[in-house]
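>>> next come a sequence and a model predicted from it.
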Amino acid sequence: MCNPLRLTYRCSRPVHFTRKMSPSLFNFSDAKERFTSATRIALDSKTSKTLINAFNQTPGTETEKKTTLDQAFRSVLEEEIIQRKASCEDFLGLIYLSIDGVTEGICSATTPFLLLGDVLDCLPLDQCDKIFSFVEENVSTWKSNSFYSAGKNYLLRMCNDLLRRLSKSQNTVFCGRIQLFLARLFPLSEKSGLNLQSQFNLENITVFNKNEQESTLGQKESFIKGSHSLSSCLQHPEERDDGMEVEEGEMGDEEAPTTFIKKQASLKIQSGPEKSSIPIDYNLYRKFWTLQDYFRNPLQCYEKYSWLTFLKYSDETLSVFKSYKLDDMQVSKKKLEELKTTGGENVYFAKFLTSEKLMDLQLSDSNFRRHILLQYLILFQYMKGQVKFKSSSCVLTDEQSLWMEDTTKLIYQLLKEIPPDGDKFASVVEHILNTEENWNTWKNEGCPSFVKERPAETKPIRPVRKRPAPEDFLGKGPDRKIFMGNDELTRLWNLNLDNMEACKSERREFMPSLEEFFEDAIEQADPVNMVEDEYKAVNNSNYGWRALRLLARRSPHFFQPTNQQFKSLPEYLENMVIKLAKELPPPSEEIKTGEEDDDNDDPLLKESNESPEEQQQKPVTGQQLDAIASKLGEEWKSLAHHLEMKETDIHEIESDSEDVKMRAKLLLVAWQDREGSHAIVENLVSALNSAGFSDLADSLSEL
């Protein structure tokens, strides 16, 4: 055993290694300096060959070199931004260089997105517009496999940061471009871009004057004075009404909020000192802008008192639109031309201006009216639509549904009457809203993907067949009837319990003669007998198969060539029957004596000569079937199961006839056809007794 003190002493001694440690193969500082200089050269030459050569010549692992090159890209970008001498083209050139680096596999896939984020964070909005144009043009690059997974979150964060800096009222077009870019970048099934729970932007509150005492409407002032006050408001934006609030966001200059007011007011001021034909008072002003709260939160309409308020205010507002049409006021062809020349068609209603002084101008504007009417249609579609996450209490009454239906017709009529191109605008809106129902249905179904993957080409797996139980094919009961899977095969197989004995039987007919086999077919082919085609033997598939085999063995006509073409087997057999009828002799009639006839026709002599056992072995006659069927009546189904009839046969019998006696008769006939020679009295009596019809079984032997 080792001494612990001695062991400690040995371990405390210094250990000298003979092998020297190898120096590190990768130096971060040298590699970063080399990559930085190579990046500047590549940026000037607009090619990535220098950068690729530097990457291959630098020692180190691929991960170490990629990380260092990423830092070099950001360092070069930082120098370009700090110097403030670089233009947007220089920034884009560096980003293009990083994209080539990702393609060549020398830098990380996130580097172009990091550079884009740094550029957009450091540049003003006017230059951000140019950089974002580059982002829009390369949307196919961002969606490729090399960039999408690594950069989708960076692009989403970058767009959200831009939207926070932009003003929805001043930079409306830029905000719309960002939203359209995100819609093109992400697939439709992307859950982050869908409003699955149908939530509303409750923060979008429309502010207006709610104090009637501070209102300037209804005062007896001339329009010139009002125009003067409006002009002064335009000249001194700092003294504008509180209701004309401007949304927060970065603005290019202080005159931007008044641009829309000047465009709208120019129509009224230039038109002269005429007074408006729309009587506007504070009540109309208040009711009109109160409706925006219902458009903001449609769930209020399901409350009783809120719905009554909405109904009252809507009727008054729509009556104003209906009574004072734009054609009847100041919108004429001349005014429309002025709107086009002054750029009035490109006015965007990003945020409603709720100043009382603009009420008259807004109601006289076609775009403004279309906005309000379209809000009604969107609200009605939500309330009538099937939304998955809508509360169970949000149910419309019949009166509400009827009012919405009538109001919808009125709104479409008003849209058609608003110039210019009212009919076209109304039809487009109706088409878009109808298409929106498909979108709601898709969201209610959980947003399934539109892309269906191609199934893998695999060989279909054969289902394992369950081995049938012995009693399923060996049969049940004393007869032990064997089922062969087909009614006809089952009948043939069970003609005799012992197949070898059946083969030795003298009554077995291996091959009938042509006269015997075609006797019935020849008789049916005679037009004098007037037998319909569906009842002819040649139309029976089993008969046709046996007839072909017999003709091939005994008829010379079978192998004779002929130019006659036959469309079906029954047609061919019918032609052969006609030929055989001409060649075969007519059936001879047996001449019987009167004594033989009397002996054969006397039933008493027959009964006296037959024992009870022989009577039980006799086949069931049609008279016996009729008697049993008339007595069975509605209870025929009980006997069907004991006769081992299938459910498909029972359903077929029910569909063939509605009379219960006829159904019982069809049941017995079907059993007789299936059993063949086994359809004897003994088997039928046994089935009747087992089904509980002992009285019918006793009467059967007496018939």
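The structure has been received and is ready for your questions.

>>> burial measure for Tyr302, as a count.
17 (other C-beta atoms under 10 Å). C-beta coordinates here come from the backbone N, C-alpha and C atoms, glycine included.

>>> ugh, wrong one, Arg454
Arg454: 5 neighbours (other C-beta under 10 Å).

>>> check which helix or strand covers the residue positioned nearest the centre of the chain.
Central residue of the chain (C-alpha atoms, centre = their mean): Trp442, 6.4 Å from the mean position. Per DSSP states H and E: Trp442 is located in helix 422-444.

>>> and His642, what is it in contact with?
Ala687, Leu688, Ser690, Ala691 (C-beta atoms under 8 Å, 6 or more residues apart in numbering).

>>> between all of those, which two are separated the most?
Farthest pair in those (C-beta to C-beta) is Leu688 and Ser690. Separation: 7.4 Å.

>>> which one's more surrounded, those two?
The neighbour count for Leu688 versus Ser690, taken as other C-beta under 10 Å, is higher for Leu688 (22 against 15).

>>> from Pro298, how far off is the nearest residue to that one once chain neighbours are set aside?
Spatial nearest neighbour of Leu688, excluding adjacent residues (C-beta to C-beta, 6 or more residues apart in numbering): Ala697 at 4.0 Å. For Ala697, the distance to Pro298 (C-beta to C-beta, to the nearest Å) stands at 76 Å.

>>> how many residues are close by Asn209?
Asn209 is flanked by 20 other residues according to other C-beta under 10 Å.

>>> and it, that one's in a helix?
No - per DSSP: H, G, I helix; E, B strand; the rest coil, Asn209 lies outside any helix segment and is coil.

>>> just the pLDDT for it.
pLDDT recorded at Asn209 is 91.

>>> state the distance from it to Glu356.
Distance from Asn209 to Glu356, by C-beta to C-beta: 6 Å.

>>> same check on Leu639?
Leu639 is 92 Å from Glu356, where distance means C-beta to C-beta.

>>> so between these two, which is more surrounded?
Leu639 (24 against 20).

>>> contacts only, for the residue nearest to the centre of the chain.
Pro448.

>>> quickly find the element holding the residue nearest to His557 when sequence neighbours are not counted.
Distances taken as C-beta to C-beta, 6+ apart place Lys579 nearest to His557, at 5.7 Å, with adjacent residues excluded. Assigned by DSSP H and E, Lys579 falls within helix 569-583.

>>> in that helix, which residues are buried?
Pro570, Tyr572, Leu573, Glu574, Asn575, Met576, Val577, Leu580 (16 or more other C-beta atoms under 10 Å).

>>> tell me the pLDDT of the closest residue to the fourth one other than its chain neighbours.
Nearest-residue entry for Glu574: Val538, 5.3 Å, with adjacent residues in sequence omitted and distances by C-beta to C-beta, 6+ apart. Taken from the predicted model, the pLDDT recorded for Val538 is 84.

>>> do the same with Asp423
On the pLDDT scale, Asp423 gets 93.

>>> for the one 5 residues further on, same thing?
With respect to pLDDT, Val428 scores 95.

>>> equivalent analysis for Glu338, please.
55.

>>> just Thr18 next, same as before
As predicted, Thr18 sits at a pLDDT of 42.

>>> do the same with Gln197
Confidence score, pLDDT, at Gln197: 78.

>>> OK, contacts around it?
Here Gln197 is in contact with Phe389 (C-beta under 8 Å, 6+ apart).

>>> coming back round to it: separation between the residue nearest to His557 and Gly193?
Distance from Lys579 to Gly193, by C-beta to C-beta: 81 Å.

>>> picking that back up, in CSV, list the contacts of His642 along with distance to Lys409.
Converted to CSV, the contacts of His642 look like this (distance: C-beta to C-beta, whole Å):
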residue, distance to Lys409
Ala687, 71
Leu688, 72
Ser690, 72
Ala691, 68
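
>>> so where do the strands sit in the stretch 151-300 of the chain?
Using DSSP state E, counting those that start in this stretch, the stretch 151-300 of the chain contains no strands.

>>> where does the prediction get shaky in it?
Within the stretch 151-300 of the chain, the ranges that satisfy pLDDT under 70 run 218-277.

>>> pLDDT weak spots in the chain?
1-24, 84-86, 218-277, 327-350, 456-480, 497, 506-510, 560, 585-616, 701-703.

>>> go again with 50.
1-23, 220-276, 328-332, 334, 344-345, 589-608 (pLDDT under 50).

>>> so where do the strands sit in this protein?
Taking DSSP state E as the test, none of the chain falls into strands.

>>> and Glu417, how far is that from Arg370?
11 Å.

>>> actually Gly622, sorry about that
Applying C-beta to C-beta, the value for Gly622 to Arg370 is 84 Å.

>>> which one's more surrounded, the two?
Arg370 (18 against 11).

>>> I figured that one hits Leu415, correct?
Yes - assessed by C-beta atoms under 8 Å, Arg370 is found in contact with Leu415 at 6.7 Å.

>>> what sits in contact with each of these two?
Phe425.

>>> burial count for Arg549?
12.

>>> ok, which stretches of the stretch 151-300 of the chain are helices?
Secondary structure of the stretch 151-300 of the chain (DSSP state H, counting those that start in this stretch): helices at 172-185, 223-235, 259-270, 282-296.

>>> still on that earlier bit, quick check: the residue nearest to Glu574 touching Ser568?
No - applying C-beta under 8 Å as the test, Val538 and Ser568 come out as separate, 9.9 Å apart.

>>> more neighbours, the two?
Val538 (23 against 11).

>>> quick one: residues contacting the more buried one.
Ala521, Gln524, Gly544, Ala547, Pro570, Leu573, Glu574, Val577.

>>> now with 10 Å?
518, 520-521, 524-525, 544, 547, 568-577 (C-beta atoms under 10 Å, 6 or more residues apart in numbering).

>>> now Tyr313
Asn283, Leu284, Arg286, Lys287, Phe288, Trp289, Thr290, Leu291, Tyr294.

>>> closest to Val531 out of those residues?
Tyr294 (80.5 Å).

>>> next, count neighbours for Gln375.
16.

>>> quick check: the closest residue to it other than its chain neighbours vs Ser192, distance?
Closest residue to Gln375 apart from its sequence neighbours, by C-beta to C-beta, 6+ apart: Phe295 at 4.7 Å. Relative to Ser192, Phe295 is positioned 26 Å away (C-beta to C-beta).

>>> ok, now Glu436?
Taking C-beta to C-beta, one finds Glu436 at 21 Å from Ser192.

>>> and what of Tyr412?
35 Å.

>>> quick one: which of the two has more around it?
Tyr412 (17 against 9).

>>> can you pull the contacts of the closest residue to the more buried one other than its chain neighbours?
Here the nearest residue to Tyr412 in space, its sequence neighbours aside, is Ala426; by C-beta to C-beta, 6+ apart that works out to 5.3 Å. By C-beta under 10 Å, 6+ apart, the residues touching Ala426 are Arg370, Leu373, Ile411, Tyr412, Gln413, Leu414, Leu415, Lys416, Glu417, Ile418.
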